[in-house]
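S.K.: Generate a structure from the sequence data that follows.
(one chain, ligands or ions: 1)
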Amino acid sequence: MAYLIPMDISPHPTKRIAPPPLELRKHAVFVDFDGTLVDIAPRPDAIVVPSGLARRLNQLRARMDDAFAVVSGRSLHELETFLTGFNGLMIGSHGAEARGIEPPLAHAIPGLPFVQSELAAFAASRGLLYEHKPHGGAIHYRHAPESAETVSVFVHHLLERSPGFEVQPAKMAYELRPAGVSKDKALARLWQEAQFADRIPAYLGDDSTDEPALLWAQENGGFGIKIGEGESAACHRLAQPADVHAWLAAAVEG
Ligand SMILES: O=P(O)(O)OC[C@H]1O[C@H](O[C@H]2O[C@H](CO)[C@@H](O)[C@H](O)[C@H]2O)[C@H](O)[C@@H](O)[C@@H]1O
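M.R.: The predicted model follows:
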């Protein structure tokens, strides 16, 4: 008689495992911004930054002896505006900009003004949102999801005329950013700083732009925490930014 062998039918059973408790003297924390520290909003300028976030991140950073950084696709200027009062390490523009270490990208790519004006003109012509960045630009179509394919085709054609750039897909957006910059490379650079010696890296992120960084953490003896739904290389998962805040707070308050 045949009998059934009990099995977990999930293709990625480990990816639902909650992260281990954060240990302030043992771990290093690298945390993404949009979708991880703040909920996704209809527009980039419509996010609601939780009250006291900068103060709480500062407290955490201090308790971790500075083994903490915010790592984002946002420009550094925007991060500093949304997190006024936080004075720790920051990586912006997907790894092109940094605060607290030498900026990874010292000079703008030569074709930058052309790329930015093409992105802005296309967005304006289609009623889409253009987001200007110091090293590139993004077109957002969250309010017009039917434009996804058109935007993808446009940015890939623009890429063919824009040496030195790469297409960076994001949530309901496409961006042209400098080739060769990425969050995992930014982490590798940060990792050389003295405060990270002998630490175990933890990276938290929600987006495709975070996948290389989630992998980097895991390949360097640590762990990745994917925020929200979707395929990911991360071993752990939290459902939403509120859970990220709870995970961080538990370490400070515990
Ligand atoms: O690396 P991150 O900190 O996650 O930044 C990724 C991008 O986030 C922002 O766009 C995303 O969030 C917006 C606000 O919730 C949302 O409206 C948009 O659809 C998302 O793509 C930001 O505007 C980009 O510059 C970042 O690269």
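
S.K.: Setting aside sequence neighbours, what's the nearest residue to the residue of the stretch 1-150 of the chain at minimum distance from the ligand?
M.R.: When you check the stretch 1-150 of the chain against the ligand by CB to the nearest ligand atom, the closest residue turns out to be Gly73, at 2.6 Å. (C-beta placed from N, C-alpha, C; glycine too.) If the residues on either side of it in the chain are set aside, Gly73 comes closest to His94, at 4.7 Å by CB to CB, 6 or more residues apart in numbering.

S.K.: Repeat that for Arg142.
M.R.: Residue nearest to Arg142 in three dimensions, not counting chain neighbours: Met172, with 3.9 Å by CB to CB, 6+ apart.

S.K.: same thing with Gly95?
M.R.: Distances taken as CB to CB, 6+ apart place Ala186 nearest to Gly95, at 3.7 Å, with adjacent residues excluded.

S.K.: which strands and helices sit next to the host helix or strand of the one you found?
M.R.: Element membership for Ala186 (DSSP states H and E) is helix 183-190. The contact analysis (3 or more CB pairs under 8 Å, 6 or more residues apart in numbering; DSSP states H and E) places helix 183-190 against strand 68-71, strand 89-92, strand 200-205, helix 211-219.

S.K.: so does the next helix or strand along the chain from the first one get close to the ligand?
M.R.: Which is strand 68-71. The helix or strand immediately downstream of strand 68-71 is helix 76-82, counting by DSSP H and E. No: looking at helix 76-82 against the ligand by CB under 6 Å from any ligand atom, there are no contacts, and the closest approach is 7.4 Å.

S.K.: Same question for helix 76-82: list its buried residues.
M.R.: Of all the residues in helix 76-82, those buried under the rule 16 or more other CB atoms under 10 Å are 76, 78-80, 82.

S.K.: Which residues does Pro201 form beta bridges with?
M.R.: According to DSSP bridges, the residues that bridge with Pro201 are Ala28.

S.K.: can you count the residues close to it?
M.R.: Here the count is done by other CB atoms under 10 Å, and Pro201 has 23 residues near it.

S.K.: Tell me the confidence at it?
M.R.: At Pro201, the pLDDT value in this model is 98.

S.K.: ditto for Arg16
M.R.: In the prediction, the pLDDT value recorded for Arg16 is 66.

S.K.: And for the one 5 residues further on?
M.R.: pLDDT, the model's per-residue confidence, is 97 for Pro21.
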